[in-house]
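*Asks:* here's a sequence, model it:
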Amino acid sequence: MPDWLEVALRTLFAVVILFLMTRLLGKRQISQLSFFEYITGITIGSLAAYISMDLESHWLLGLVSLIVWVLVSLGIEFLQMKSKKVRDFIDSKATILIKDGKILEDNVKKERLSSDELLQQLRKKNVFKTADVEFAVIEPSGEINVLLKKEHQPLTPSHLGITVGPEPEPQTVIMDGKMMDEPLATIGLSREWLYTELEKIGVTIENVFLGQVDAYGQLYVDLYDDKLQVPEPQQKASLLAQLKKCEADLEMFGLSTDNETVKQMYEQCSNQLKQIITDVRPLLIR
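*Replies:* Sure, this is the predicted structure:
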């Protein structure tokens with residue numbers, strides 16, 4: 001067999017084996033890998049290259065070594081899942097770097113971080129003053145997570161005592177100029193509805209690079225031609241305007257009648273509608 005053909009076949013075999021082995025090891029982002037997992041990844045890649053290129057050695061030896069590395073990694077992952085002591089030994093523990101706005105210098109030196117590196121990591125979290133930090137910890141992966149003090153945290157509905165319901169994820173109904181039937185069916189919409197919405201904004205489906213429908217049934221599109229401006233959906237703004245008009249009409253009807261019973265009825269309806277508008281306004285001005 002010619003050398004080039006053998007290299008091609010061995011490389012193809014190595015790619016298939018490497019794919020199967022990495023699928024077996026599971027999914028992890030690079031930033032989430034422990035030191036041992038990082039070394040394992042490098043070693044498995046080197047072994048795959050050895051299987052591909054070293055024609056003087058038998059490919060079966062490289063395969064045995066590759067399988068042993070994968071089995072050892074799986075065994076260690078299993079032990080980590082079963083024992084916290086093993087996890088702490090292999091991955092190490094998280095280390096507190098800042099507490100109550102005070103930098104813990106000994107812990108920073110222990111993690112071999114300079115002041116500049118610590119400040120750089122804090123800036124990545126949009127934190128520019130260490131005094132604003134309630135708690136900062138460096139995870140075993142090397143990522144620094146920060147908890148701001150209460151007075152410096154962004155205002156959320158929970159701080160205002162407002163209960164907000166869950167919002168379903170937007171559904172991608174157009175991709176690369178083609179309609180996606182399954183997402184449309186998921187949100188209970190039809191092709192006719194989508195064509196009608198596209199007609200409202202004056203575009204054809206072939207010109208749409210990406211189209212999404214949010215939880216409120218509003219269609220947002222991104223066109224292939226970036227110079228074209230597509231108007232924003234106005235359904236929610238229109239609904240809010242109609243509700244306000246109804247409230248104003250009820251107030252006017254109440255003022256225009258001399259019948260006290262009817263006047264009170266209109267005022268009561270107007271007040272109820274005003275409360276409804278107050279409740280739904282956060283949803284309609286998004």
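
*Asks:* name the nearest residue to the residue nearest in space to the middle of the chain, sequence neighbours excluded.
*Replies:* Geometric centre of the chain, nearest residue: Glu169, 10.8 Å, by Cα atoms, centre = their mean. Closest residue to Glu169 apart from its sequence neighbours, by Cβ to Cβ, 6 or more residues apart in numbering: Ala215 at 8.0 Å. C-betas here are computed from N, CA, C, even on glycine.

*Asks:* the one you found reaches Thr186, doesn't it?
*Replies:* No - under the criterion of Cβ atoms under 8 Å, Ala215 is not in contact with Thr186, lying 11.8 Å apart.

*Asks:* quick revisit: got phi/psi on the residue nearest to the centre of the chain?
*Replies:* phi -70, psi 150 (degrees, to the nearest 10).

*Asks:* quick revisit: quick check: which element contains the residue nearest to Glu169?
*Replies:* Using DSSP states H and E, Ala215 sits in no helix or strand.

*Asks:* how many neighbours does it have?
*Replies:* Using other Cβ atoms under 10 Å, Ala215 has 15 neighbouring residues.

*Asks:* what about it, distance to Pro168?
*Replies:* Between Ala215 and Pro168 the computed distance is 5 Å (Cβ to Cβ, to the nearest Å).

*Asks:* three-state assignment of Gly142?
*Replies:* coil (DSSP: H, G, I helix; E, B strand; the rest coil).

*Asks:* can you give me the neighbour number for it?
*Replies:* 14.

*Asks:* same thing with Pro282?
*Replies:* Using other Cβ under 10 Å: Pro282 sits among 12 other residues.

*Asks:* that one falls within a strand, correct?
*Replies:* No - using three-state DSSP, the assignment for Pro282 is helix, not a strand.

*Asks:* wait, it touches Ile162, no?
*Replies:* Yes - using Cβ under 8 Å, Pro282 makes contact with Ile162 at a distance of 7.4 Å.

*Asks:* from Val230, how far off is the residue nearest to the centre of the chain?
*Replies:* For Glu169, the distance to Val230 - Cβ to Cβ - is 22 Å.

*Asks:* kindly report the same for Thr95.
*Replies:* For Thr95 relative to Val230 (Cβ to Cβ), the value is 49 Å.

*Asks:* with Thr163 instead?
*Replies:* Distance from Thr163 to Val230, by Cβ to Cβ: 34 Å.

*Asks:* show me what contacts Val221?
*Replies:* Ile174, Leu198, Ile201, Val203, Val208, Leu210, Gly211, Gln212, Val230 (Cβ atoms under 8 Å, 6 or more residues apart in numbering).

*Asks:* three-state assignment of the nearest residue to it once chain neighbours are set aside?
*Replies:* Of all residues not flanking Val221 in the chain, Gly211 sits nearest, at 4.5 Å (Cβ to Cβ, 6+ apart). In terms of secondary structure, Gly211 is strand; the call rests on three-state DSSP.

*Asks:* who's in contact with Gly211?
*Replies:* Thr172, Val173, Ile174, Met175, Leu194, Ile205, Leu219, Tyr220, Val221, Asp222.

*Asks:* among those residues, the buried ones, what's the ChimeraX command?
*Replies:* A single ChimeraX command selects the buried members of the contacts of Gly211 (16 or more other Cβ atoms under 10 Å):
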select :173,174,194,205,219,221
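
*Asks:* out of the contacts of Gly211, what pair is the most spread apart?
*Replies:* The two members of the contacts of Gly211 with the most space between them (Cβ to Cβ) are Leu194 and Asp222, at 15.1 Å.

*Asks:* picking up where we left off before, just the pLDDT at the residue nearest to the centre of the chain, thanks.
*Replies:* At Glu169, the pLDDT value in this model is 85.

*Asks:* and it, how far is that from Ile98?
*Replies:* 35 Å.
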